[in-house]
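Q: Everything below, folded, please.
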Amino acid sequence: MRWMRLCFTTVLSVVLAAVSAAQVSIVTPKDGETVRSRWLVVKVEKPTQEGYVMIWLNNQFVSAIGAPFELRIDLAERNLLTGSHTLRVVGRSKDGALEGEAQVQFRVDLAGTGVGME
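A: Numbers count the residues shown, from 1 in each chain. Okay, here's the model as predicted:
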């Protein structure tokens, strides 16, 4: 019985450490945010400054970036002038191991800015 409790405690500790250790988060844009600029500034945090972050916008690969994990995307160039959009990021360590992923939904509203009116 004592041996089973020790095994269970060890396995539980390993699982909890793995779940809480690696996290990737999108700092900007926030989930549900409305962007009123031609430029979408993507900022991502991940556990280490090594490795890279892959970015997708509406299921289309945009870029893989290194530290400081910030990217400016021209929404007008991509013809994303209005509506809801999905941003997904995946963080990888320098050896390619998954560190985590995150996703947010945001809206674009460039009405009244003159962007896309050419």
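
Q: for the residue sitting nearest the centre point of the chain, what are its contacts?
A: With distances taken as C-alpha atoms, centre = their mean, Val89 lies nearest the centre of the chain, 3.2 Å away. Residues in contact with Val89 (C-beta atoms under 8 Å, 6 or more residues apart in numbering) are 24, 26, 42, 44, 53-56, 101-103. Every residue, glycine included, has its C-beta placed from N, CA and C.

Q: what does Gly51 give?
A: So Gly51 contacts 66, 91-96, 99 (C-beta under 8 Å, 6+ apart).

Q: can you pull the alpha-carbon coordinates of stretch 55-75 into CSV?
A: Extracted as CSV, the C-alpha positions of stretch 55-75 are listed here (Å, rounded to 0.1, in the frame of the first residue of the first chain):
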residue,chain,number,x,y,z
ILE,A,55,2.1,32.6,-36.0
TRP,A,56,-1.1,31.9,-37.9
LEU,A,57,-3.8,34.4,-38.8
ASN,A,58,-7.1,32.8,-39.9
ASN,A,59,-5.4,29.4,-40.4
GLN,A,60,-2.8,31.0,-42.7
PHE,A,61,0.8,30.7,-41.7
VAL,A,62,2.3,34.3,-41.3
SER,A,63,5.8,33.9,-39.8
ALA,A,64,8.2,32.3,-37.4
ILE,A,65,9.8,34.8,-35.1
GLY,A,66,12.6,34.8,-32.4
ALA,A,67,12.9,36.8,-29.2
PRO,A,68,11.5,39.3,-28.3
PHE,A,69,8.5,37.5,-29.9
GLU,A,70,6.8,40.6,-31.4
LEU,A,71,5.5,41.1,-34.9
ARG,A,72,3.7,43.9,-36.8
ILE,A,73,1.2,42.6,-39.4
ASP,A,74,-0.2,44.9,-42.0
LEU,A,75,-3.9,44.1,-42.0
